[in-house]
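*Asks:* Mind folding the following:
(one chain, ligands or ions: 1)
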Amino acid sequence: MGRRAKNKQGAPEPLEKKTYSTSKKLGKRKADSDSDLDDRATTRPPKKIKDSKAKPRAPDSKPSSKAKGQNKSSVKTAKSIPKSDSDNDFGDGWEDVEGDVDVNDEFSSDEFQGITNNLDDLSEEDDEDYPLRSTTQKFDFDTDEEEEGIQPVLKGNKSKQHERPSKIIPTSSDGSDDFDYDESADEGRVTMANMEARSRALDAKAAAEAELDEEELQGAVARKDEDDDFDMDEADEENDAEPFHLPTAAEREAEKHAGGPDLQVVQRRMRECIRVLGKFKQLAEKDRSRSEYTDQLVADIASYYGYNDFLAEKLSQLFPVAEAVEFFEANEVPRPVTIRTNTLKTRRRDLAQALVNRGVNLEPIGKWTNVGLQVFESSVPIGATPEYLAGHYMLQAASSFLPVIALSPQPNERVLDMASAPGGKTTHIAALLQNTGVVFANDTNKARTKSLTANVHRLGCKNVVVCSYDGREFPKVMGGFDRVLLDAPCSGTGVISKDQSVKVNKSERDFTMLSHLQKQLILCAIDSVNPESKTGGYIVYSTCSVTVDENEAVVDYALRKRPNVKLVETGLSFGREGYTKYRGKIFNPSVSLTRRFYPHVHNMDGFYVAKFKVEKRSKAAATVEEPVTIPEKFVLGEEAAVEQVQEDVGFDSEEDRPYLEEAKRRRMKAKGLRPPPRSKPAHRA
Ligand SMILES: C[S@@+](CC[C@H](N)C(=O)[O-])C[C@H]1O[C@@H](n2cnc3c(N)ncnc32)[C@H](O)[C@@H]1O
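*Replies:* This is a model prediction of the structure:
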């Protein structure tokens with residue numbers, strides 16, 4: 001059994017408790033009176049950056065993210081935990097920033113800036129997993145008792161993970177008899193440790209809530225049932241306040257002309273819209289439709305949180321209305337700062353000891369990883385400690401561990417990391433391979449491979465070959481891998497807390513183009529796997545985006561285009577199931593094996609992970625899907641070659657037409673010719 005840390009520090013203050021207000025609870029809610037609004041206004045998130053016609057913020061409210069220069073965003077985190085200057089390539093020194101792609105620039109990637117002491121879980125068993133055993137520093141794990149006076153000096157730099165803004169939708173206080181789920185999981189706040197149980201509980205709630213929405217939509221909920229649940233006394237109490245009136249189109253127009261709504265008005269309206277949508281029949285104004293309330297809510301979300309209308313709507317559609325606001329709220333707060341122990345150089349307990357001795361307040365992330373540590377406070381720059389410089393750890397978002405855990409590389413394997421810079425996942429793979437086998441770490445962006453190479457060296461990875469091809473050139477350049485990781489370039493809608501610019505700079509066209517690139521890359525990744533691999537034959541597809549176009553739609557496309565692959569369990573013990581149905585699209589039922597991760601549920605960046613097993617092509621399948629052939633006179637980096645690859649991998653069906661057209665438009669533009677007008681993309685989830 002694991003021995004306990006003698007000098008364990010108190011548990012960190014976790015995130016505040018949150019539950020989704022359900023339609024039923026909202027009907028009963030009274031705690032969220034307008035008197036609360038003043039307080040909340042002081043902790044409001046940034047105002048809309050572009051497009052903002054809303055009235056100026058209250059003087060004590062947070063400035064807009066632009067105003068605060070949050071585009072290089074992990075800004076808040078960066079301030080909490082000082083980092084090394086040695087990573088100037090990446091601005092703030094975070095290695096595991098997520099990549100984005102500038103679709104206006106021929107898919108050249110933008111840099112995506114994006115990424116206490118309870119050592120109880122550092123049991124001896126953990127050490128079994130470590131290939132390298134360094135000299136253990138003296139650290140007593142024998143007792144649970146906290147020892148006073150041996151806490152490291154902790155000053156400033158406190159992680160802001162617990163400072164989430166006040167909720168628009170308050171936590172319900174009326175018990176939770178609406179849902180049958182593990183209540184204990186809902187106690188306290190979301191921490192890395194309780195995340196799994198919380199996740200399950202919230203999943204159950206979300207499912208129940210979605211069911212309610214559906215029932216309501218179909219008019220299937222009998223009025224009597226609702227009346228039974230509805231507490232008229234409380235409704236009357238709510239009615240004592242000024243009754244809520246959903247603005248008409250004319251009133252909204254007038255409000256816009258007057259400079260946009262007042263913040264408190266927006267806050268109240270959001271709450272009220274959610275309440276009404278939860279009990280539409282009782283609470284809706286006469287002759288007003290459900291979609292009018294939804295439209296108002298989305299417009300208010302856009303203005304309150306500073307998103308463009310398109311993205312606010314797109315992201316809102318992912319969740320039941322009350323949960324959507326939780327998601328937007330979570331995007332206003334930095335995620336916990338986490339590091340990954342580099343097991344090529346040290347063990348987690350030794351690293352923890354060394355950092356504690358330097359005044360770092362940390363604890364293990366959770367049972368699901370035996371290499372992660374969550375940093376709560378530090379009196380030293382966490383990106384410039386001697387241990388950091390010696391490559392004992394990687395500053396890495398917890399969500400970034402997931403695809404590598406799913407990939408589960410085995411010693412001596414040949415692995416391709418198709419989009420790998422700056423190397424957070426590459427170096428993790430190299431460590432799991434215990435410096436055996438080989439990892440081809442590829443990234444199309446040469447500039448980014450510099451920091452990739454630097455990280456590979458710093459972490460002592462001797463089995464990594466860095467290369468820079470367009471991923472769509474694989475497997476022409478190289479194939480036959482035991483495993484392939486495609487951590488795809490994406491919109492970054494899962495890491496908005498790190499990059500607030502995503503709120504306003506993503507358009508419908510971006511998602512269309514990204515989805516197209518992702519589909520091309522995933523087919524190339526699949527074709528790069530050796531289906532006869534003795535130990536592997538797997539591909540993991542991941543993104544730091546939460547949109548269905550970039551995730552389930554891509555995975556479903558791959559399943560349709562490559563009959564020789566099937567989805568398998570990711571091996572991850574938590575995460576929501578991937579959608580099998582979404583806004584009229586039906587995906588392969590096995591897409592439920594894929595996993596979604598959300599900031600408001602898992603307290604980590606929004607992320608998506610899918611794992612495929614690649615089988616041998618059957619003769620029948622081979623006739624459907626021609627294997628990729630290497631074009632003659634293939635010249636790396638030549639657009640013509642990439643286009644040839646696009647044709648080879650099978651981008652020829654009707655649903656690919658808009659993408660092919662778009663590629664043609666770009667080619668024509670590049671040649672100075674006038675491109676034809678765009679047609680509407682056919683494949684949109
Ligand atoms: C999400 S980031 C990868 C992060 C990396 N896996 C890590 O853990 O540090 C996506 C990467 O894809 C790269 N990229 C964009 N388009 C690509 C392409 N066509 N082929 C290969 N890489 C591409 C970007 O340069 C970016 O570094």
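*Asks:* just checking, Ala441 touches Asp417?
*Replies:* Yes: if you go by Cβ atoms under 8 Å, Ala441 and Asp417 touch, sitting 4.9 Å apart. Placement of C-beta: from N, CA and C, glycine included.
*Asks:* any residues in contact with both of these two?
*Replies:* Common contacts of Ala441 and Asp417 (Cβ atoms under 8 Å, 6 or more residues apart in numbering): Thr426.
*Asks:* Show me the protein divided up by domain.
*Replies:* Using automatic domain parsing, the domain ranges for the chain come out as 23-67+164-330, 124-160+334-395, 398-621.
*Asks:* Out of these, which gets the lowest mean score?
*Replies:* Mean pLDDT values for the domains of the chain show the minimum at domain 23-67+164-330, a mean of 62.
*Asks:* which SS class is Arg349?
*Replies:* helix (DSSP: H, G, I helix; E, B strand; the rest coil).
*Asks:* next one: Ile496
*Replies:* Counting by three-state DSSP, the backbone at Ile496 sits in coil.
*Asks:* what does the stretch 401-550 of the chain put close to the ligand?
*Replies:* Selection of the stretch 401-550 of the chain residues close to the ligand by Cβ under 6 Å from any ligand atom yields 418-425, 443-445, 448, 470-472, 487, 489.
*Asks:* and with 5 Å instead?
*Replies:* 419-422, 424-425, 443-445, 448, 470-471, 487, 489 (Cβ under 5 Å from any ligand atom).
*Asks:* And the helices in the stretch 551-685 of the chain, which stretches?
*Replies:* With helices called from DSSP state H, counting those that start in this stretch, the stretch 551-685 of the chain shows them at 552-561, 599-602, 619-624, 639-648, 657-670.
*Asks:* Report the rounded mean pLDDT for the longest one.
*Replies:* The average pLDDT within helix 657-670 is 66.
*Asks:* and if you look at the fourth one?
*Replies:* Helix 639-648 shows an average pLDDT of 45 in the prediction.
*Asks:* Can you report how many residues neighbour the residue nearest to Thr346 when sequence neighbours are not counted?
*Replies:* Nearest non-adjacent residue to Thr346, counting by Cβ to Cβ, 6 or more residues apart in numbering: His392, 4.5 Å away. Neighbour count of His392, defined by other Cβ atoms under 10 Å: 26.
*Asks:* and what of the one 5 residues further on?
*Replies:* For Ala397, the tally of surrounding residues (other Cβ under 10 Å) stands at 31.
*Asks:* Isn't it up against Asn603?
*Replies:* No: using Cβ under 8 Å, Ala397 is not in contact with Asn603, being 11.2 Å away.
*Asks:* going on from the helix or strand Ala441 falls within, what's the next piece of helix or strand?
*Replies:* Using DSSP states H and E, Ala441 sits in strand 438-442. Using DSSP H and E, the helix or strand that follows strand 438-442 in sequence is helix 446-458.
*Asks:* what element comes up after that next one heading to the C-terminus?
*Replies:* strand 464-467.
*Asks:* The next helix or strand after that following strand - which strands sit beside it in the sheet, and in what orientation?
*Replies:* Using DSSP H and E, the helix or strand that follows strand 464-467 towards the C-terminus is strand 483-487. Here strand 483-487 has these sheet partners by DSSP bridges: strand 414-417 (parallel), strand 538-543 (parallel).
*Asks:* how much does strand 483-487 deviate in direction from strand 438-442?
*Replies:* Put simply, strand 483-487 runs at 30 degrees to strand 438-442, going by axes from the mean of the first three to the mean of the last three Cα atoms, to 10 degrees.
*Asks:* Residues contacting strand 483-487, please?
*Replies:* With Cβ under 8 Å, 6+ apart as the test, strand 483-487 has contacts from 99, 403-404, 407, 409, 413, 415-420, 425, 429, 471, 521-522, 525-526, 528-529, 533, 536-543.
*Asks:* Count residues in the vicinity of Pro599, would you?
*Replies:* Using other Cβ under 10 Å, Pro599 has 27 neighbouring residues.
*Asks:* Contacts only, for it.
*Replies:* 327, 330-331, 333, 335, 494, 497, 605-606.
*Asks:* For the closest residue in space to Tyr579 that isn't next to it in sequence, give me its contacts.
*Replies:* Distances taken as Cβ to Cβ, 6+ apart place Glu552 nearest to Tyr579, at 5.0 Å, with adjacent residues excluded. The contact partners of Glu552, taken as Cβ under 8 Å, 6+ apart, are 578-580, 582, 587, 591, 594, 685.
*Asks:* Against the ligand, how distant is Glu552?
*Replies:* Separation of Glu552 from the ligand (Cβ to the nearest ligand atom, to the nearest Å) stands at 18 Å.
*Asks:* ok, now Gln353?
*Replies:* Using Cβ to the nearest ligand atom, Gln353 is found at 27 Å from the ligand.
*Asks:* Is that residue part of a helix or strand, or is it coil?
*Replies:* Secondary structure, three-state DSSP: Gln353 is helix.
*Asks:* re the thing from before, so for Ala397 and Asn603, which residues contact both of them?
*Replies:* Listed as contacting both Ala397 and Asn603 by Cβ under 8 Å, 6+ apart are Arg335.
*Asks:* Residues of the stretch 201-350 of the chain that sit close to the ligand?
*Replies:* Counting by Cβ under 5 Å from any ligand atom, no residue of the stretch 201-350 of the chain is near the ligand.
*Asks:* Which residue is it, in the stretch 451-600 of the chain, that comes closest to the ligand?
*Replies:* Gly471 (3.1 Å; Cβ to the nearest ligand atom).
*Asks:* Show the contacting residues for that residue.
*Replies:* Gly471 is in contact with 418-419, 442, 444, 486, 521, 524-525, counting by Cβ under 8 Å, 6+ apart.
*Asks:* Tell me the one of these nearest Val375?
*Replies:* Comparing these against Val375 with Cβ to Cβ places Ala419 closest, at 26.8 Å.
*Asks:* From Ser468, how far off is the closest one?
*Replies:* 11 Å (Cβ to Cβ, to the nearest Å).
*Asks:* Can you add distance to Asn361 and give the strands paired with strand 483-487 back as JSON lines?
*Replies:* Formatted as JSON lines, those follow (distance: least, Cβ to Cβ, whole Å):
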{"stretch": "strand 414-417", "distance to Asn361": "32"}
{"stretch": "strand 538-543", "distance to Asn361": "30"}
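*Asks:* Tabulate those strands (CSV), appending mean neighbour count.
*Replies:* Formatted as CSV, the strands paired with strand 483-487 follow (neighbours: other Cβ atoms under 10 Å):
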stretch, mean neighbour count
strand 414-417, 28
strand 538-543, 27
